[in-house]
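Chemist: Everything below, folded, please.
(one chain, ligands or ions: 2)
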Amino acid sequence: MAHSHFHSLSNMIIPKARKLTDSQLEEIRRIASEFDCDIGIVVGASRNIYAILGEERRELLINRISGLEYIDRVEGVDAPFKLMDRRSALAANEISIGGVTAGREPLFIAGQCTIDPKEPGLFLETAAAVKEAGAHVLRGGVWKPRTMPYSYQGDDRALEIILEARSRTGLPINIEVMDSHQLGLAVEARADMIQVGTRNALNYSLLKEIGSQTAEAGTCILLKRGRHMSDVNEFLACAEYLAANGNPNVMLCPRGTLPTLGEYRSHPDESITPLIKEKTWAPVVVDPSHSVGRAAYVPACSLAAMAYGADGLCIETHVHPRKGIGDDPKQAIRPAALRSLLKEARQVWDMRNRYR
Ligand code: PEP
Ligand code: MN
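Modeler: Ligands and ions are numbered 1, 2, ... in the order given. From the prediction side, this is the model:
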């Protein structure tokens, strides 16, 4: 068993080296099992940490593990989000994709809402154009969560198209998955970023499965904020599910909550970013497209998001929005608009960093 499903998490074992050797891990597991506990592995980009699982508040168990010569310390964590908490041992975790380390410079994700399997050429054109405009990651909906069951639901064949776009452009790809079948295909295709959409943000079984299936590869996960979610804590608990199941490489994505402002698709929630940052080390990548839901409003929302402290943006972009399907006809911007917007977003990034 490489990665466990955690029942309770209160103590984290921090080794002196970047990770435990197999025989050290075996020794710790043996000690834990004497106390009816198990050990879970949390694979970080720079180091692994190990969680004691079970009813582990036994002083003797903790003392025995702390006493091993290859262990730096055992940390009792009492924050609600043991791993995603700003103060956790994982706070040094850095997440890199597309040549960008989140937090050091702005990260830009762009591409179509939906890949039309009948129009592979359009997606390939969009992919080349967003790269040219400065995007670091290519997005493209292969499978779509649609409000109506009669709307286009996505297609396994669209996966081939985005893989082709990746190999042509060299851009890493973001794919949303909604179930085990899709997750399996995305993992097999080595998707560089897996998206959990707003509808599945609270699907704990799916979160657990994604965490464990991507643990080994340490794939980036873009976790959208649920459109019906309440406070920051509920959102962070979802990220904690991913980390606790083995993959802490989570980026948090506010994308608007239930609409209150008439003409906007959702209630724009980019102002939540400073509150998220109070509690977690995880990067924040805002999705202005689903927040406001209209191409004309996307630039203002994007710049506001940067002003509020976002580490990046995810923007729906299409070479010919009117020829698009899904959300693209109404909310995708064109590559030329993307290019100038990303430039301005960088300027806001610089400005706002003066206030840090
Ligand atoms: C999308 O990214 O196209 C999408 C469906 O996002 P959300 O889950 O935020 O609605
Ligand atoms: Mn969309």
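
Chemist: residues from the chain in reach of ligand 2?
Modeler: 113, 327 (C-beta under 5 Å from the ion). C-beta coordinates here come from the backbone N, C-alpha and C atoms, glycine included.

Chemist: Kindly recompute the last result at 8 Å.
Modeler: 113-114, 141, 144, 289-290, 316, 326-328, 331 (C-beta under 8 Å from the ion).

Chemist: Out of those, which end up buried?
Modeler: Buried subset of the residues of the chain next to ligand 2 (neighbour count, 16 or more other C-beta atoms under 10 Å): 113-114, 141, 144, 289-290, 316, 326-328, 331.

Chemist: Helices along the stretch 201-350 of the chain, start to end?
Modeler: 204-213, 232-244, 273-279, 288-292, 298-307, 328-331, 335-353 (DSSP state H, counting those that start in this stretch).

Chemist: Quickly compare those and say which is most buried.
Modeler: Most buried of the helices of the stretch 201-350 of the chain, by mean neighbour count (mean count of other C-beta atoms under 10 Å): helix 288-292, with a mean of 27.

Chemist: just to revisit the earlier point, and the helices of the stretch 201-350 of the chain as CSV, adding mean pLDDT?
Modeler: Formatted as CSV, the helices of the stretch 201-350 of the chain follow (pLDDT from 0 to 100):
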stretch, mean pLDDT
helix 204-213, 98
helix 232-244, 95
helix 273-279, 97
helix 288-292, 98
helix 298-307, 98
helix 328-331, 98
helix 335-353, 98
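
Chemist: Residue 154: which of these is closest?
Modeler: helix 328-331 (13.7 Å; C-beta to C-beta).

Chemist: Which residues does that closest one contact?
Modeler: Contacts to helix 328-331, defined as C-beta atoms under 8 Å, 6 or more residues apart in numbering, come from residues 112-114, 265, 289-290, 292-295, 298, 316, 318, 321-322.

Chemist: try stretch 173-183
Modeler: By C-beta under 8 Å, 6+ apart, stretch 173-183 touches 109, 111, 137-145, 159, 162-163, 165-166, 186, 189, 191-197, 199-200, 206, 209-210, 213, 222, 314.

Chemist: Taking those, please make a ChimeraX selection of just the buried ones.
Modeler: Applying 16+ other C-beta under 10 Å to those leaves a buried subset, and the ChimeraX line that selects it is:
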select :109,111,137,138,139,140,141,142,143,144,159,162,163,165,166,186,189,191,192,193,194,195,196,197,199,200,206,209,210,213,222,314
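
Chemist: tell me, which of the contacts of stretch 173-183 make contact with ligand 1?
Modeler: 141, 145, 197 (C-beta under 6 Å from any ligand atom).

Chemist: now these in TSV, with pLDDT, distance to residue 242 and secondary structure?
Modeler: Written out in TSV, the entries for those read as follows (pLDDT from 0 to 100; distance: C-beta to C-beta, whole Å; DSSP: H, G, I helix; E, B strand; the rest coil):
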residue	pLDDT	distance to residue 242	secondary structure
141	98	21	strand
145	96	18	coil
197	98	14	coil
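
Chemist: just those now: which is nearest ligand 1?
Modeler: For those, the residue nearest ligand 1 by C-beta to the nearest ligand atom is residue 197; the value is 2.8 Å.

Chemist: Surely that closest one and residue 224 touch.
Modeler: Yes - here residue 197 reaches residue 224: they are 5.4 Å apart, a contact under C-beta atoms under 8 Å.

Chemist: list residues touching both of the two?
Modeler: Counting by C-beta under 8 Å, 6+ apart, nothing touches both residue 197 and residue 224.

Chemist: Would you map the helices across the stretch 51-200 of the chain?
Modeler: Under DSSP H, counting those that start in this stretch, the stretch 51-200 of the chain gives helices at 59-66, 120-133, 157-169, 180-188.

Chemist: Show me what the shortest one is packed up against.
Modeler: Helices and strands touching helix 59-66, as assessed by 3 or more C-beta pairs under 8 Å, 6 or more residues apart in numbering; DSSP states H and E, comprise helix 22-34, strand 48-53, strand 71-76.

Chemist: Burial-wise, tell me which of those comes out on top.
Modeler: Buried most deeply of the helices and strands packed on helix 59-66, by mean count of other C-beta under 10 Å, is strand 48-53, with a mean of 22.

Chemist: My guess is residue 291 contacts residue 268. True?
Modeler: Yes - with contact defined as C-beta under 8 Å, residue 291 counts as touching residue 268 (4.4 Å).

Chemist: shared neighbours of the two, anything?
Modeler: Joint contacts of residue 291 and residue 268 (C-beta under 8 Å, 6+ apart) are 256, 301.

Chemist: Give me the below-cutoff pLDDT ranges for this structure.
Modeler: 1-10, 56-57, 77-80 (pLDDT under 70).

Chemist: Would you mind measuring from the residue of it found nearest ligand 2 to residue 214?
Modeler: Going by C-beta to the ion, ligand 2 is nearest to residue 113 of the chain, at 3.3 Å. Residue 113 is 23 Å from residue 214, where distance means C-beta to C-beta, to the nearest Å.
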